[in-house]
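Q: Here is my input; please provide its structure:
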Amino acid sequence: MLLAEEFPPDNRVEKEAASLIENGFQVTIACQTLHDRPAYEEINGIRVHRLRLSRSMYRLGAACLVVPVFFSLWRSFVSGIMKEEQFDLLHVHDLPLASVGYFFKRKYGLKLVCDQHEFYSNWIVHTAHYNTPVGKVIKGLSPWERYERKYLTKADLVITIEEPLRSVYIERVGVHPDQIVCLPNTPSGKVFRAGQIDAGLVDRFKNRFVLFYAGGMDILRGIDVAIRALPLIRKEIPEVLLLLCGNIRKPYDPLALAAKLGVAELVRFEGWSPVEKLPSYIAAGDMCFFTPPANRDEIHRTIATKIYQYLQLGKPVIVGQAKMMKEFVEEHQTGYVIHEDSPEEFAQAVIRYHQKGEAESERIRKNCFAIRDRYIWEEQFTGFVEKYRGEEQ
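A: Numbers count the residues shown, from 1 in each chain. Down below sits the predicted model:
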């Protein structure tokens, strides 16, 4: 597996690797790091090789289609691993390293799997770093759609996270229908079960009405709407607390916005949390939310893993107008739908739920528990592994 990120943590990559090992595969992950981490170690049966990058080289990764030295560095890194280990299949996570994967497919005759965590060409153009003055220049010189089409059509298998995105890759990118499968990013049933709850962590927040968010934090996540709603919410719910778990991706700064609005004391940032602790944080929450701007094709065609995670604990969720998540919540009656650019609607949903009390909480909990067994990783992976095994042969 090739991963142009830190490992760990990457929950989807870890779930895939663990499930493949359980099904008889040996898994090696080549990843990158900015920190002083071992160049090689074994983690839960996974062989992990790390490429140490400088900050400047890491930033150059965003310009890899303009300055391809990033690809050269990765080819050299993987070549060293290839001299030590034998592989049948190369599994590339996300789009950027697809060309590196194809290089080794041709050189060694390996099967190539391209695993698309995002609809990358549609996602990256909306990121904060691609919309700075320098980023806009790099964006204009980076033909991600052409790159996506070139390399995904050369893969032996493409993995996407939802059926509507599978249709996009077939119709727009040109991937053959027989070469693309769906593997939704649902949570592991081994982690999201009642026995995993840390009562002490939950007890820390017992006197607050907690609005919880887990995941990456940047301009594409819709966290601002919750922060802007806090002045309205606290008029009705003085004990409200916005609890955030994840990594903040600069230059985005939700804590600065909270301070500007005079609600800093109503926001608690816990930092990144290992997935094993997330059930406890979710259990501590009264409501959860994910309200990203519905301004790109990719967000309309996916259901974020956090929606499935909240579901496992029976928690109501507030979502915006992103099509699949909106329809999922409306169909199963597991929360509230708002216009994601409206702090007023967000506040109204929170206050309405709070006023309805335990009866509303129990109604939504029952709705969540009625369907949660359908949306666990082990259930989804069972059908996928046979297709994957076919590519191994």
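
Q: Tell me where the stretch 1-150 of the chain has helices.
A: For the stretch 1-150 of the chain, applying DSSP state H, counting those that start in this stretch gives helices covering 11-22, 55-60, 69-84, 98-108, 120-124, 133-141, 144-152.

Q: Just put those in a markdown table and tack on mean pLDDT.
A: A markdown table is the format used below for those (pLDDT from 0 to 100):
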| stretch | mean pLDDT |
| --- | --- |
| helix 11-22 | 94 |
| helix 55-60 | 88 |
| helix 69-84 | 96 |
| helix 98-108 | 97 |
| helix 120-124 | 89 |
| helix 133-141 | 91 |
| helix 144-152 | 96 |
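
Q: out of those helices, nearest to I46?
A: When the helices of the stretch 1-150 of the chain are ranked by proximity to I46, the top entry is helix 11-22, at 5.0 Å, counting by C-beta to C-beta. Quick note: C-beta positions are derived from backbone N, CA and C, even for glycine.

Q: Strands of the stretch 101-250 of the chain, start to end?
A: Counting by DSSP state E, counting those that start in this stretch, the stretch 101-250 of the chain forms strands over residues 111-115, 157-160, 180-182, 209-214, 240-245, given from the N-terminal end onward.

Q: If we go by neighbour counts, what in the shortest one is buried?
A: Right, the one you point to is strand 180-182. By neighbour count on 16 or more other C-beta atoms under 10 Å, the buried set for strand 180-182 is I180, V181.

Q: looking only at pLDDT, what's the mean for it?
A: The pLDDT scores in strand 180-182 average 93.

Q: Adjacent strands (with direction) for that strand?
A: Strand 180-182 sits in its sheet next to strand 157-160 (parallel), going by DSSP bridges.

Q: what bits of the stretch 151-300 of the chain have low per-residue confidence?
A: By pLDDT under 70, the low-scoring segments of the stretch 151-300 of the chain are 194.

Q: Can I get stretch 35-48 as PDB, trimmed to CA atoms?
A: As requested, C-alpha coordinates have been extracted for stretch 35-48 and formatted as PDB (Å, rounded to 0.1, in the frame of the first residue of the first chain):
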ATOM      1  CA  HIS A  35       8.100  13.700  12.400                       C
ATOM      2  CA  ASP A  36      10.800  11.700  14.100                       C
ATOM      3  CA  ARG A  37       9.200   8.300  13.700                       C
ATOM      4  CA  PRO A  38      10.900   4.900  13.000                       C
ATOM      5  CA  ALA A  39      11.800   4.300   9.300                       C
ATOM      6  CA  TYR A  40      10.400   0.800   9.800                       C
ATOM      7  CA  GLU A  41       8.200  -0.900  12.300                       C
ATOM      8  CA  GLU A  42       5.500  -3.500  12.500                       C
ATOM      9  CA  ILE A  43       2.100  -2.500  13.800                       C
ATOM     10  CA  ASN A  44      -0.600  -5.100  14.400                       C
ATOM     11  CA  GLY A  45       0.900  -7.300  11.800                       C
ATOM     12  CA  ILE A  46       1.300  -4.500   9.200                       C
ATOM     13  CA  ARG A  47       4.800  -3.700   7.900                       C
ATOM     14  CA  VAL A  48       5.200   0.000   7.900                       C
END
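
Q: Need the contact partners of it.
A: Contacts of stretch 35-48 from elsewhere in the structure, counted by C-beta atoms under 8 Å, 6 or more residues apart in numbering, are 6-8, 14, 17-18, 21, 26-29, 31, 49-50, 52, 85.

Q: want to try a markdown table for the strands of the stretch 101-250 of the chain, with distance to S99 as columns?
A: A markdown table is the format used below for those (distance: least, C-beta to C-beta, whole Å):
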| stretch | distance to S99 |
| --- | --- |
| strand 111-115 | 11 |
| strand 157-160 | 15 |
| strand 180-182 | 19 |
| strand 209-214 | 32 |
| strand 240-245 | 34 |
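
Q: quick revisit: identify, from the contacts of stretch 35-48, the entry nearest to P293.
A: Within the contacts of stretch 35-48, distances to P293 taken as C-beta to C-beta reach their minimum at E6, with 26.4 Å.

Q: Identify the bridge partners of the closest residue to the closest one other than its chain neighbours.
A: Here the nearest residue to E6 in space, its sequence neighbours aside, is T33; by C-beta to C-beta, 6 or more residues apart in numbering that works out to 5.6 Å. Residues in a beta bridge with T33, per DSSP bridges, are R52.

Q: my read: V181 touches F384, true?
A: Yes: checked against C-beta atoms under 8 Å, the pair V181 and F384 is within contact range at 6.2 Å.

Q: What's the end-to-end length of stretch 314-331?
A: The distance separating the two terminal residues of stretch 314-331, taken as C-alpha to C-alpha, to the nearest Å, comes to 15 Å.

Q: Quick one: mean pLDDT for it?
A: If you average the per-residue pLDDT over stretch 314-331, you get 97.

Q: hang on, the earlier thing: give me the buried subset of the contacts of stretch 35-48.
A: Using 16+ other C-beta under 10 Å, the buried members of the contacts of stretch 35-48 are F7, P8, E14, A17, A18, V27, T28, I29, C31, H49, R50.

Q: Return the subset of those lying in strands.
A: Within the buried ones among the contacts of stretch 35-48, residues falling in strands by DSSP state E are T28, I29, C31, H49, R50.

Q: Determine the number of other residues adjacent to the closest residue to Q26 other than its chain neighbours.
A: Spatial nearest neighbour of Q26, chain neighbours left out: R47 (7.8 Å); criterion: C-beta to C-beta, 6+ apart. As a burial measure, the neighbour count of R47 was computed by other C-beta atoms under 10 Å and equals 18.

Q: Begin at 65, not 1, for the rest of this chat.
A: In the new numbering, first residue 65, that becomes R111.
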